[in-house]
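# Any chance you can model this:
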Amino acid sequence: MTLNLDIIQSIAFTTVVLLIGSFIKSKVYVLNKYCIPAPVVGGFSFAIIAFILRQTGVITIVFDTTLQNILMTAFFTTVGFTASLQVLKKGGTQVIKFLIVAVMLVLAQNIVGILSAKAIGVDPLLGLIAGSVSMTGGHGASGAFGPIMEANGLEGALSIAMACATFGLVSGSIIGGPLANRLVQKHKLQPEEIGVKEEVISTNAHGEASYSEISCDEASIGKLSESKLTSSAMQIIIAMGLGTIVSNLFSDIGITMPAYIGAMIVAAIMRNISDAKGIWPIASNELESLGSICLSLFLSMAMCSLKLWELVDLAIPILILLTLQTLLMILFAYFITFRVMGKDYTAAVLASGHCGFGLGATPNGIANMKSVTSKYGPAPNAFFILPLVGALFIEFLNSAVITTLMNLL
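Now for the predicted structure:
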């Protein structure tokens, strides 16, 4: 028996699953500890139930994923609006250095993934998925690139990418603290002697970054303006529309890319024109709110649509690839992130944070750094640098690298 849900039923069903995921996360300590997103909790739980129902011949549930693509494009459009050159410039040389380090990791993850996949005799696209698609990119990039990989012949790519991203969230949270602890003790590092409260840039900021306390949950963004919400929604829609033209131009010259790339490019252009000329100001809080809503619904629908039965035959190759990625992250943070960022206490804290967002997401990196600073003392610069790179810039550059490599493969 097959149950086919139409477009409205699909979004309603996945919204309920999202609410259930939020409830489960609030009650289970380990889910909060590792910053597992509520859509992943609810969606993956349902995917397991759907897998059992299908395998036992009870029922197969099929979703209409039309809105999933729209929500995905809308979210990544809000990411494009964060690509402000002014913000990057204000961050100083340390922010630029860490951004370069983050891009180096993206390249290393993909090179290791592709070469490892070839070495064990599986599709190189699987190595790309186990690379920066699911590691640095997390569930957002996994949900975006998975369907494209499937269209290019890799069966079960979306399910594989989501599973890899979940593995990355957990492993990145586990290795960060011990790595920094080793660096601090080996090099006898001391925290900066300043008496300020530890503050960070909101990891979900879409627009001008603002200082706030960070946690694994969504940060409070203050009172929203109805007129700014309307303006932000219009900006997103226009960028999405113009983005289709950009994406079509790339398609016409034979470059395959996710539908959202064109919208991200247009949004980035709109943002920097706004910064330079003051034309149609960007409302950071409102864009953040709309982006968060779209991301939550997109992830919930993507997780509900997982076909876990497609993972069975590739379980061992995936485990090998993910183990190699974890080892790469440890070595990269220890020998490259720490050294490039100055080999001091702040660099050690950043190394632990890089493990978190290099294998998972920015909140995981923040959680890692908090665990280190709670033991050894404050590192305010680290809490400025990592969120700025992790929340505002790396998604854009990671997508560009993945798209380039995907077309080469």
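# list the buried ones in stretch 96-112?
Using 16 or more other CB atoms under 10 Å as the test for burial, stretch 96-112 gives 97-99, 101-103, 105-106, 108-110, 112. C-beta: built from backbone N, CA, C; applies to glycine.
# Can you tell me the number of residues neighbouring Pro191?
18 (other CB atoms under 10 Å).
# and it, that one's in a strand?
No. Under DSSP: H, G, I helix; E, B strand; the rest coil, Pro191 falls outside any strand and is assigned coil.
# quick one: contacts for Phe51?
308-309 (CB atoms under 8 Å, 6 or more residues apart in numbering).
# Ramachandran angles for Thr2?
phi -120, psi 130 (degrees, to the nearest 10).
# Not including adjacent chain positions, what is the nearest residue to it?
Among residues not flanking Thr2 along the chain, Thr60 sits closest, at 4.8 Å (CB to CB, 6 or more residues apart in numbering).
# Kindly report the same for Ser22.
Ala38 is the one closest to Ser22 (CB to CB, 6+ apart), at 4.2 Å.
# Report the contact partners of that neighbour.
18, 21-22, 25, 296.
# can you give me the helices in the stretch 1-150 of the chain?
7-27, 29-33, 38-55, 66-80, 85-90, 92-119, 124-128, 138-151 (DSSP state H, counting those that start in this stretch).
# what helices or strands is the longest one leaning on?
Put plainly, it is helix 92-119. helix 85-90, helix 124-128, helix 315-332, helix 338-340, helix 345-359, helix 380-392, helix 394-408 (3 or more CB pairs under 8 Å, 6 or more residues apart in numbering; DSSP states H and E).
# Put together JSON lines for the ones you listed, with mean neighbour count and distance to Ile261 on each row.
Listed next are the helices and strands packed on helix 92-119 as JSON lines, based on neighbours: other CB atoms under 10 Å; distance: least, CB to CB, whole Å:
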{"stretch": "helix 85-90", "mean neighbour count": "14", "distance to Ile261": "19"}
{"stretch": "helix 124-128", "mean neighbour count": "25", "distance to Ile261": "16"}
{"stretch": "helix 315-332", "mean neighbour count": "18", "distance to Ile261": "24"}
{"stretch": "helix 338-340", "mean neighbour count": "18", "distance to Ile261": "29"}
{"stretch": "helix 345-359", "mean neighbour count": "31", "distance to Ile261": "21"}
{"stretch": "helix 380-392", "mean neighbour count": "26", "distance to Ile261": "17"}
{"stretch": "helix 394-408", "mean neighbour count": "19", "distance to Ile261": "6"}
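# just so I know, which of those lies nearest Ala180?
In terms of CB to CB, the element of those nearest to Ala180 is helix 345-359, at 3.6 Å.
# so what's Met257 scoring on pLDDT?
We have a pLDDT of 69 for Met257.
# Against Glu226, how distant is the residue nearest to Thr2?
In this view, Thr60 and Glu226 are 43 Å apart by CB to CB, to the nearest Å.
# Repeat that for Ala379.
With CB to CB as the criterion, Ala379 and Glu226 are 39 Å apart.
# ok, these two, which is more surrounded?
Ala379 (27 against 8).
# dump the residue contacts of the more buried one.
Ala379 neighbours (CB under 8 Å, 6+ apart): 191-192, 198, 345-346, 349-350, 369, 372-373.
# Of the contacts of Ala38 - the most surrounded one?
When neighbours are counted by other CB under 10 Å, Gly21 leads these with 26 neighbours.
# Now do the contacts for the residue nearest to it when sequence neighbours are not counted.
Of all residues not flanking Gly21 in the chain, Gly42 sits nearest, at 2.2 Å (CB to CB, 6+ apart). By CB under 8 Å, 6+ apart, the contact set of Gly42 is 17-22, 24, 300, 303.
# quick one: low-confidence ranges for the stretch 101-250 of the chain?
Within the stretch 101-250 of the chain, the stretches falling below the threshold (pLDDT under 70) are 192-222.
# Scan the protein for its longest helix.
For the chain, the longest helix by residue count, based on DSSP state H, is helix 157-187.
# list the buried ones in that one?
Neighbour-count burial for helix 157-187 flags 157-177, 179-181, 183-184 (criterion: 16+ other CB under 10 Å).
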